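Asker: just a sequence and a predicted model for now, questions to come.
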Amino acid sequence: MMDRLLPLIVALPLLGAAVLVAAGRHLPRPVAEVLGLAGAAVPAALAVGALVPWHGSRVVWLGDWRPHHGAGVGIVLVGDRTGLGLAALTSLLVVAVLAYSWRYFDEPPYGHAGAFPALILLFQAGMCGFQLTGDLFDAFVFFELMGVVGYALTGYRVEEPRPVQGALTFGFVNSLGGYASLLGIGLLYARTGELGMAQAGRQLDAAPRHDALLLAAFVLVMTGLLVKSAAVPLHFWLPDAHAVAPTPVCMLLSGVMVETGVYGVARIHTTVFGGPGGIPADHVQRALLVLGVLTAAVGAAMCWQQRHIKRLLAFSTVAHVGLFLTGIALLTPEGIAGTELYVLGHAGTKAALFACTGILLDRHGNVDEHELHGRGRDTPGLGLLFTAGALALAGLPPFGTALGKALVEEQRPWLPVLFVLVSAVTGGAALRVAARVFLGAGESQREEPADSGPETPGDEEHPETGHAIRLLPRPMVTVTTLLLTGALAVGVFRGLTDAVTAAAEAFTNHAGYAATVLDAAPTPTPVPRATEWWTPPGVALGLLSTALATTLAAWSTRHPGALHHLGTPLRRLQSGHVGDYVAWTMAGVGLLAVLTWW
């Protein structure tokens with residue numbers, strides 16, 4: 001029965017969005033918002049129900065077009081533990097965002113109460129469809145649905161020029177990545193005659209030919225996914241979009257959308273290019289490691305330089321995407337398992353931090369760290385929530401971010417240096433905000449030095465609720481608390497780590513995936529092994545990164561702007577011009593090709 005219900009995880013949000021678009025103008029606002037919550041909650045329950053209890057991967061051929069003798073032309077949905085788990089995470093986060101957004105906007109746009117929840121449901125359908133599909137072309141379709149709705153949500157306040165500019169930047173760069181992926185899918189179809197991931201992978205293995213066409217197909221397909229992941233140098237659109245998008249949208253962009261791009265990189269490599277007929281593993285590992293380390297370093301450096309809190313959190317997302325790519329690049333079940341746990345903890349942590357920032361914006365009318373100096377003293381509860389999120393970002397045990405970080409960084413001797421430093425810098429930047437805004441630590445710094453270079457202040461924002469709020473809205477505080485509780489639960493419950501480890505074992509099985517999808521073979525049972533959980537070195541490294549983050553935050557409050565000038569060259573690259581970002585995207589394509597071929 002759950003196999004039959006798998007398509008509903010994608011179809012129900014689409015149906016809910018259609019109902020809201022058709023009837024939203026005639027429904028009272030509370031009714032429209034309840035329908036939106038129901039349209040997101042039922043798929044979330046289905047995804048969780050398909051995971052527990054677990055009876056193997058769920059494979060559904062739409063229209064009952066099943067393969068014969070390992071060949072088929074039908075469209076398939078594959079619900080393995082990793083895909084279903086990410087779909088469940090996506091749906092639950094959408095429910096949290098819609099609950100957070102209850103009566104959030106002062107007036108619905110154009111008098112249409114169903115517009116915002118309908119767009120959110122479409123976003124959910126696009127992400128869940130991408131996470132569950134086993135077909136390359138369908139992956140592109142859901143990829144584009146996710147992107148188009150993301151553009152609309154980023155520019156939701158169409159009456160203001162800045163959101164429209166941010167949405168156009170988002171749209172240009174992500175559309176370019178999408179077209180690159182479509183071209184790569186076309187080249188792969190020319191080689192294999194297949195669009196199914198399992199079929200294409202099996203065809204490549206049957207007749208291995210490591211030539212320029214295969215390399216071009218790999219690079220182009222991965223380009224679109226890395227753009228969506230905001231990997232450097234394909235990342236420029238993300239901070240600009242976060243700075244202008246409504247806060248509930250930022251919770252989804254950083255909480256699950258970029259992680260879906262990272263998932264796509266791992267999924268398509270494993271199922272299509274991960275066999276003997278695909279791209280050699282050492283080439284892929286080198287490319288992803290270089291991009292991961294570069295992304296983590298640039299994201300952390302830019303995060304530290306920001307005074308606009310939403311941009312600061314956006315650049316911290318870029319930095320952690322680099323860590324995710326580094327974990328994926330290990331191409332081992334341990335690296336995948338640690339990354340999956342890291343993603344689970346990061347989703348709740350980052351969504352909670354953006355939720356706190358949204359409350360600050362609606363209470364004080366800006367998100368500028370300097371302008372908000374000491375103004376959060378009257379909301380100590382909000383300060384505690386923001387500080388807890390910052391500590392989780394820094395890798396404090398037992399948060400899920402710390403557990404995922406520990407499992408990945410213990411795989412290679414040099415990884416602890418990267419993971420500890422990036423976690424310390426991004427967590428330290430968030431702790432600095434907490435200290436200055438909620439404690440009034442350090443001196444009030446209203447203006448930057450004249451030689452500080454380009455700067456994006458956050459004092460031009462306006463309350464998204466239409467007016468400044470005096471009391472903290474209960475739905476916002478409740479959702480933020482639940483998100484942080486979920487991030488903590490990831491690191492506390494041992495059973496979740498065991499399940500994720502088993503999912504990672506199956507995820508990395510290239511031949512097993514094809515056999516399950518095409519031959520209706522039972523899901524391969526992972527070889528039993530001792531599951532790593534908290535280890536003394538992992539706990540020590542988490543405490544070390546947290547201590548460094550706290551030290552950096554304390555030092556920066558005493559010496560504001562001491563290292564600000566060092567980031568000027570990087571800040572100048574974030575020009576806001578679409579043409580510059582397109583040029584950097586082309587440079588990223590070339591870099592990926594060189595790293596993969598060389």
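Answerer: Alright, I've got the coordinates.
Asker: so G171 sits against L153, correct?
Answerer: No: here G171 does not reach L153: they are 11.5 Å apart, not a contact under Cβ atoms under 8 Å. (Glycine included, C-beta is placed from N, CA and C.)
Asker: same drill for those two, tell me which one is more crowded.
Answerer: More neighbours sit around L153 than around the other of G171 and L153, counting by other Cβ atoms under 10 Å; the figures are 24 against 20.
Asker: for the more buried one, phi and psi?
Answerer: Backbone dihedrals for L153, given as degrees, to the nearest 10, come out at phi -70, psi -40.
Asker: ok, H308 next?
Answerer: Per degrees, to the nearest 10, the residue geometry at H308, taken as phi and psi, is phi -80, psi 110.
Asker: quick one: pLDDT of it?
Answerer: As predicted, H308 sits at a pLDDT of 93.
Asker: and it, how far from P161?
Answerer: Between H308 and P161 the distance is 17 Å, computed by Cβ to Cβ, to the nearest Å.
Asker: looking at these two, which is more packed in?
Answerer: Neighbours per residue (other Cβ under 10 Å) separate H308 from P161, with H308 holding more: 25 against 11.
Asker: is that one in contact with A243, as I believe?
Answerer: Yes: under the contact definition of Cβ under 8 Å, H308 touches A243, with a separation of 6.1 Å.
Asker: how much space separates the closest residue to I309 other than its chain neighbours from L77?
Answerer: Of all residues beyond its chain neighbours, the one nearest I309 is V367 (4.4 Å), with distances taken as Cβ to Cβ, 6 or more residues apart in numbering. Noted for V367: a distance of 40 Å to L77, by Cβ to Cβ.
Asker: out of these two, which sits in the busier spot?
Answerer: Between V367 and L77, V367 has the larger neighbour count (other Cβ under 10 Å), namely 27 against 23.
Asker: who are the contact partners of T387?
Answerer: If you count contacts by Cβ atoms under 8 Å, 6 or more residues apart in numbering, T387 has them with L431, A434, F438.
Asker: quick one, phi/psi of it?
Answerer: phi -70, psi -40.
Asker: what pLDDT does the model give it?
Answerer: T387 carries a pLDDT score of 97 in this model.
Asker: look up how far A549 lies from it.
Answerer: The separation that T387 has from A549, given Cβ to Cβ, amounts to 11 Å.
Asker: chain center to the helix or strand hosting P163, what's the gap?
Answerer: Per DSSP states H and E: P163 is located in helix 161-192. Here the centre of helix 161-192 is set off from its chain's centre by 17 Å, with Cα atoms, centre = their mean, to the nearest Å.
Asker: next structured bit after that helix?
Answerer: Following helix 161-192 in sequence order, the next helix or strand is helix 197-206 (DSSP H and E).
Asker: what about that next one, average pLDDT?
Answerer: Per-residue pLDDT values across helix 197-206 average out to 93.
Asker: can you list contacts of that helix?
Answerer: Applying Cβ under 8 Å, 6+ apart, the contact partners of helix 197-206 are 67, 70-72, 76, 134-136, 139, 188-189, 191-194, 214, 267-268, 271-278, 510, 513-514, 517-518.
Asker: list the buried residues in the next helix or strand after it.
Answerer: Beyond helix 197-206 on the C-terminal side, the first helix or strand identified by DSSP H and E is helix 212-229. Within helix 212-229, the residues scored as buried using 16 or more other Cβ atoms under 10 Å are 214-229.
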